[in-house]
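Participant: structure for this input, please:
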Amino acid sequence: MGHSGDSPSVTAEHSSPNSLGKRPHRHDKQRSRKKRKLLSSETETCIRIQTIKPDLTRTFCSYTRKHTDSLVQRQDRSRRKSRRNHSWQRKWTYSQHDLSNYKDRVVIVSYNILGVENSTKHPELYRDVSPKYLDWEYRKKILCKEVKGYQPSILCFQEVDHFDDLNEILGKDGFRGVYKARGGETCDGCAIFWKHELFTLLHEENIEFQRFGLRNNVAQFCVLKMNQDPPSAEATERRSSRATTSRSLLVGNTHVLYNPKRGDIKLGQMRVLLEKAYELSQEWGCIPAVITGDLNSLPQSAMYQFLASSKLHIHEHDRKEISGQIIPSTYTAYRSPHYMTRHFMNRWTDEEIMLATGSKRSCVKHHLNLCSAYAEVPGSSNFRDEIGEPLATSYHSLFSGTVDYIWHTLDLVPVKVLETLPMHTLEKTGGLPSKEWGSDHLAVVCELAFTDEGLEQD
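Facilitator: Model prediction:
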């Protein structure tokens, strides 16, 4: 018997059991619940996935922006650091002459490294310097690292009161050294180091100026012989047209008295040093000479004139102005010598004249023909004064100026010199020493070449 509500068989197959008039089985109910739960889970998972995807995108974009910003910031910091480092870098200036034929060369450094005792006894000079930059343990490391970067042949240091520390550090880099301490209560002195593979020490000699009544400063000399290059095809070819040769060099190093008022003592010390330098140069076969050190005299001073011109009439100068430290002296050629003599002759006592000249005469002389390495290599006005010397080799709270030099005889010629720093860069430090520089002085550095006149025949 049929019903008006009968459905097609296909529909019946998809109907629930109730539609067939049967009670649902317990297992069918469980399967139904599982199916609904599964469908619900799939829907929930789908929703979760759809919800999570936009969050991941935002997180990724946020991470990318942060990473990019961080990278840009690091690059900016790197560029700023590079610019700062660049501003602290010192540059070589080369001679304008063709010196390619001069093969035998030496790089010489003269450096007042600031004695530990001096740095503690004179805090007024370093009032703007952080104590950590005055600490010797810090300074000795950056000092040695600095000079090593110049690839030096010879090092001349002043204000050395921890020679053993320097000797240990520099010894690891192949240097040998000698030291001469000052007398009296002071404990600093001068030291000369040389590259052992390049030179052999032939002679060492010292001056104690106190023996001449010229205070307790000292000077030292080393006669160094250049070692021969190891045999090579190039060396053999180079020497085929002449005999085996060798070169020797006299190196002088000193730290002249500071006291600006005692021009007589300053001149006397330099006179004695130059007399001994000439004597040693002649004794060892007229060898070239280099005179280095902190001379505590400015380039515009009478002391500088004495070194450059080989003589000085002291009555033309006030004793207190010999070094130019109190009132910077200017060249006095435009003034009448008679005026200068009358003006200053009564300011020198007989004792002072004797100390300065070594005699009763008012003229002091030396026999070395000397040139300043820096003045021989023209440089920019950003680094040099009108004479050609650096604008400043010393910079602290109470002084800014040039007092450090490398002088050489005419049988040596400067190939290049290392510029100091522009004044605006020094001013940014607030005073030396600093993080970058381990002394209140800057090293003066040059490369010198031997000319043919400096040749010896073995």
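Participant: any idea how far stretch 413-427 is from the chain center?
Facilitator: Relative to the mean C-alpha coordinate of its chain, stretch 413-427 is positioned 10 Å out (C-alpha atoms, centre = their mean, to the nearest Å).
Participant: ramachandran angles for the residue nearest the centre of the chain?
Facilitator: Among the residues of the chain, the one closest to the centroid is Glu146, at 4.9 Å (C-alpha atoms, centre = their mean). When read as degrees, to the nearest 10, the backbone of Glu146 gives phi -60, psi -50.
Participant: wait, isn't it in contact with Ala443?
Facilitator: Yes. The pair Glu146 / Ala443 is scored as a contact, 7.1 Å apart, by C-beta atoms under 8 Å. C-beta: built from backbone N, CA, C; applies to glycine.
Participant: any idea how far Val413 is from Ile207?
Facilitator: Ile207 sits at a distance of 27 Å from Val413 (criterion: C-beta to C-beta, to the nearest Å).
Participant: ok, now Asp452?
Facilitator: Noted for Asp452: a distance of 11 Å to Val413, by C-beta to C-beta.
Participant: where exactly do the strands run in the stretch 201-350 of the chain?
Facilitator: Remark: strands assigned in the stretch 201-350 of the chain by DSSP state E, counting those that start in this stretch are 218-226, 245-246, 248-255, 289-294, 311-313.
Participant: next, the contact list for Ser323, please.
Facilitator: Counting by C-beta atoms under 8 Å, 6 or more residues apart in numbering, Ser323 touches 260, 263, 266, 295-298, 301-303.
Participant: repeat that for 7 Å
Facilitator: If a contact means C-beta atoms under 7 Å, 6 or more residues apart in numbering, then Ser323 has 260, 263, 266, 296-298, 301, 303 as its contacts.
Participant: closest one to Asp161 out of the residues you listed, please.
Facilitator: Ranked by distance to Asp161 (C-beta to C-beta), the contacts of Ser323 are led by Asn296 at 17.8 Å.
Participant: per-residue confidence for that closest one?
Facilitator: The per-residue pLDDT reported for Asn296 equals 98.
Participant: give me the number of residues near it?
Facilitator: Residues contacting Asn296 under the criterion other C-beta atoms under 10 Å number 23.
Participant: next: Asp128.
Facilitator: Asp128 has 12 neighbours, counted by other C-beta under 10 Å.
Participant: cool, Ile353 as well?
Facilitator: The number of residues near Ile353, taken as other C-beta under 10 Å, comes to 21.
Participant: equivalent analysis for Thr186, please.
Facilitator: Other residues close to Thr186 by other C-beta under 10 Å number 16.
Participant: if we can go back for a sec, make a markdown table out of the strands of the stretch 201-350 of the chain and add distance to Gln325.
Facilitator: Below are the strands of the stretch 201-350 of the chain laid out as a markdown table (distance: least, C-beta to C-beta, whole Å):
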| stretch | distance to Gln325 |
| --- | --- |
| strand 218-226 | 20 |
| strand 245-246 | 42 |
| strand 248-255 | 15 |
| strand 289-294 | 12 |
| strand 311-313 | 17 |
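Participant: which sections of the stretch 201-350 of the chain are below the confidence cut-off?
Facilitator: For the stretch 201-350 of the chain, the stretches with pLDDT under 70 are 229-245, 327-346.
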